[in-house]
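# Kindly generate the corresponding structure for this input.
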Amino acid sequence: MRIFRHYVEPRLVALGLIEAAILFGCFFIGYFLRYADVAFLSSELKTHLPSALTFVFVMMASLFALGLYERAAIGDMAVVAVRLLAGFVCGFALLAVTLYLVPDLKVWRSALVIAMPASFVVILIFRRLFLWLVDRDAFSRRILVLGDPGPIASIQALERRVGLAPFRTVRAILLGAVPDRANDDGWLLEACRAVDAEEIVVAADERRGRLPMQALLRCRLAGLRVSEYHDFYERETGRVDLERLEPGWLVFRDGFSHSKAHLLVKRLFDVVLASVGLACAMPLLLIAGLAIKLEDGGPVFFRQLRVGRNGMPFEIFKLRSMRVDAERDGPRWAAVGDRRVTRVGRILRRTRIDELPQLVNVLKGEMSFVGPRPERPVFVEKIVEVLPCFTVRHQMRPGLAGWAQLNYPYAANLEDARVKLEYDLYYVKNWSLFLDLLILAQTFRVIVWGNGVR
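Numbers count the residues shown, from 1 in each chain. This next block holds a predicted model:
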């Protein structure tokens, strides 16, 4: 399904709703076992509904932030168990803070002693059942692919590569092998019904004059979904396929347009969040600055030229995490286990504390809270030579957090930069405040599990 232009998997939405219902039910089980009077069931339910909803909201926010609803996590029960445990610990801490700030929400701890372990066990069992159903393609859409060898191979490779892919290719038909069926517009519908396909994906290198339009129309009118290759790829991966991208796609596709009202809302959101964030982070910045100074006596802050909105350069602020002479041999991407990173710097990078000074860049209007990460001019020049559409990402302010950072590790070469650009183009094309909020919520997962640290 598509929410504010962002694609969301229905099966993950269903998973979240069912687990929210489990939390809701376990809350009342814990409460009724400890306190409630069953004789006044209706009034008891109504009286404690706000507390139950608060419990569900806080716990679901914690589980979501720690990555329990990303596709890569749901297929490994060991990962699910670890993240679920961490989510419940985090949720309990958030719940304690919430109840301290809003004491009128009466949630008795002795009721939680029952509700939280019960929720944990039931959700873990349900996840195992969910994974069993997914393994048996219970939630997979059956697709028929009509097109040319290259794009068809890309879809089949995507199905193998994506863990627990939400689709299954049940048949592929080459356009070049389709005989002339001028008097038969029902052959494609019959082919779909023969393999019980729910969707047709048109994956052609060139469509003009080659597609069986009457047969496709017949399928569409029969209720089958008909998707174009790029739309399908974008929907299933959250990125754009640059390998098969044509300039016309950028020109004629929807998206890539942001009204002044939307940009104003985004800017207000940035200013408020950056102001609060900077005030809260000040003690942490002082401690980190002292640690940097004690380690090698060098400067605390690091400034570097980056490319911002509309290609305009600006100076980014960071806490220094590398040696003072880190670029004596010239600029280069950070590598895994980079020896230029100091001991304090490793901690700062692991926790993303080194990025906190960029809140100043957000307040100055040079950056946004969410957006494509700003790149250095020297690297932009190299990337643009290979990927000319890299400049499209400069349509928006660069961000502290981003869709690419959430889905792909640190870029260490041009191939990594290409993949991250595919995610950035998806973000620029489908941006909404809803997507920004999703990215911010899930960025906590990146910090906790250390995704992409170099």
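# If we go by neighbour counts, what in the longest helix belonging to the chain is buried?
Using DSSP state H to define each element, the chain has its longest helix at helix 260-296. Buried residues in helix 260-296, defined by neighbour count with 16 or more other CB atoms under 10 Å: 266, 269-270, 273-274, 277-278, 285, 288-289, 291-292. C-beta coordinates here come from the backbone N, C-alpha and C atoms, glycine included.
# Then stretch 1-14?
Residues 6, 8-9, 11-12 are the ones in stretch 1-14 that count as buried (16+ other CB under 10 Å).
# cool, stretch 185-195 as well?
Neighbour-count burial for stretch 185-195, counted by 16+ other CB under 10 Å, picks out 185, 188-189, 191-192.
# Now the two most distant members of the buried residues of stretch 1-14.
Taking CB to CB as the measure, those span a maximum distance of 16.0 Å, between H6 and R11.
# does K318 sit in a helix, a strand or a coil?
strand (DSSP: H, G, I helix; E, B strand; the rest coil).
# Pull the number of nearby residues for it.
By other CB atoms under 10 Å, 19 other residues sit near K318.
# is it true that it touches P357?
Yes - counting by CB atoms under 8 Å, K318 does reach P357; the two are 5.8 Å apart.
# Need the overlap of contacts for the two.
Common contact partners of K318 and P357 (CB atoms under 8 Å, 6 or more residues apart in numbering): F301.
# Strands of this structure, residue ranges please.
Secondary structure of the chain by DSSP state E: the strands cover 2-3, 6-7, 141-147, 167-174, 199-203, 225-228, 301-307, 313-319, 368-370, 399-401.
# returning to that earlier point: counting by contacts, list what the longest helix of the chain packs against.
Counting contacts by 3 or more CB pairs under 8 Å, 6 or more residues apart in numbering; DSSP states H and E, helix 260-296 packs against strand 313-319, helix 343-351, helix 358-364, strand 368-370, helix 433-449.
# and the last one, how far out from the chain's middle?
Translated: helix 433-449. Between the centre of helix 433-449 and the centre of its host chain there is 7 Å, according to CA atoms, centre = their mean, to the nearest Å.
# and if you look at stretch 321-328?
So, by CA atoms, centre = their mean, the centroid of stretch 321-328 is 32 Å from its chain's centroid.
# In it, which residues are buried?
Those would be 321-322, 326, for stretch 321-328 by 16+ other CB under 10 Å.
# Could you identify which of the strands of the chain is most buried?
Stretch with highest mean neighbour count among the strands of the chain: strand 368-370 (a mean of 26; mean count of other CB atoms under 10 Å).
# Parallel or antiparallel, list what pairs with that one.
strand 399-401 (parallel) (DSSP bridges).
# closest to F130 among the buried residues of stretch 185-195?
Set against F130, the nearest of those by CB to CB is C192 (28.0 Å).
# tell me the contacts of that closest one?
Counting by CB under 8 Å, 6+ apart, C192 touches 144, 200, 219, 224.
# Please name the residues that touch the residue lying closest to N361 once chain neighbours are set aside.
Spatial nearest neighbour of N361, excluding adjacent residues (CB to CB, 6 or more residues apart in numbering): M367 at 4.2 Å. Going by CB under 8 Å, 6+ apart, M367 touches 308, 316, 358, 361, 374, 397-400.
# Phi and psi next, for M367.
The phi/psi pair for M367 (degrees, to the nearest 10) reads phi -140, psi 170.
# and it, how far is that from L359?
9 Å (CB to CB, to the nearest Å).
# what's the overlap in contacts for those two?
Counting by CB under 8 Å, 6+ apart, the contacts common to M367 and L359 are L400.
# So S432 sits against H6, correct?
Yes - if you go by CB under 8 Å, S432 and H6 touch, sitting 6.5 Å apart.
# residues contacting F256?
Neighbour list for F256: 250, 392, 395, 428-429 [criterion: CB under 8 Å, 6+ apart].
# So this structure: which segments form each domain?
Taking automatic domain parsing as the criterion, the chain consists of the domains 2-135, 141-237, 260-449.
# average pLDDT for the second one?
Looking back up the chat, that one is domain 141-237. Taken as a whole, domain 141-237 carries a mean pLDDT of 88.
# now do the longest one
For domain 260-449, the mean pLDDT works out to 87.
# What is the end-to-end distance of it?
End-to-end span of domain 260-449 (CA to CA, to the nearest Å): 36 Å.
# Kindly report the same for stretch 6-13.
With CA to CA applied, stretch 6-13 spans 13 Å between its terminal residues.
# How much space separates R445 from Q214?
R445 is 48 Å from Q214, by CB to CB.
# Between the two, point out the one with more neighbours.
More crowded of R445 and Q214, by other CB under 10 Å: R445, with 21 against 14.
# Run through the helices of the stretch 1-150 of the chain in chain order.
Residue ranges of the helices in the stretch 1-150 of the chain, as given by DSSP state H, counting those that start in this stretch, are 10-34, 41-47, 49-65, 71-74, 77-101, 109-135, 149-161.
# Could you dump the domains of the chain into a markdown table with distance to E246 added?
Formatted as a markdown table, these follow (distance: least, CB to CB, whole Å):
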| stretch | distance to E246 |
| --- | --- |
| domain 2-135 | 21 |
| domain 141-237 | 9 |
| domain 260-449 | 10 |
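# among those, which is nearest E243?
Across these, E243 has its closest neighbour in domain 141-237 (7.6 Å, CB to CB).
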